[in-house]
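Asks: have a look at this prediction, sequence included:
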Amino acid sequence: MLQSCYEFDLPKGYVDQDETLHCHGKMRLATAKDEIDAMNHPKVRANPSYMPIIVLSKVIIQLGTLDHISPEIIEKLFVSDLNFLQHLYTTINDNENPVIHVTCPHCGQAFTETIVFTKDA
């Protein structure tokens with residue numbers, strides 16, 4: 001079964017205007033339309049490096065108690081959180097099942113584990 005939504009916890013979190021910290025969120029898989037719409041966004045046309053901001057605002061469907069994520073919210077994230085979200089976006093959209101191949105440093109046994117993006121999982 002295809003997983004289309006991934007939960008995550010930001011390393012630092014988004015602080016809103018009321019100083020509420022939002023860390024836990026959900027990101028859905030991107031569609032071709034998400035990227036096409038982002039490429040046509042006026043801010044991206046003026047500055048192509050703005051594209052991740054627009055794309056992330058489309059695919060993040062929840063952040064804390066916020067269920068509408070605007071480009072302005074993404075702009076206000078700490079750099080470490082933006083980097084985390086960009087890495088998460090790449091990981092879930094490039095692989096059907098994001099996994100990591102690891103070897104135990106103690107016994108040498110190799111195994112594959114599903115990547116988990118939340119603190120409690």
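Replies: Great, that's in hand. Numbering: from 1, shown residues only.
Asks: every contact and neighbour count from this point should use C-alpha atoms.
Replies: Fine.
Asks: can you give me the strands in this protein?
Replies: 5-15, 21-28, 60-63, 99-103, 110-114 (DSSP state E).
Asks: minimum distance to Asp81: which of the ones you listed has it?
Replies: If you check each of the strands of the chain against Asp81 by CA to CA, strand 5-15 wins as the nearest, at 5.7 Å.
Asks: now do the closest one: distance to the chain's middle.
Replies: Taking the mean C-alpha point of strand 5-15 and that of its whole chain, the gap between them comes to 8 Å (CA atoms, centre = their mean, to the nearest Å).
Asks: list the buried ones in that strand?
Replies: For strand 5-15, a neighbour-count test (16 or more other CA atoms under 10 Å) marks Tyr6, Glu7, Phe8, Asp9, Leu10, Pro11, Gly13, Tyr14 as buried.
Asks: of the strands of the chain, which is nearest Glu75?
Replies: Proximity to Glu75 (CA to CA) singles out strand 5-15 among the strands of the chain, at 10.2 Å.
Asks: ok, so what distance separates Pro52 from Thr65?
Replies: Distance check for Pro52 against Thr65: by CA to CA, to the nearest Å, it reads 22 Å.
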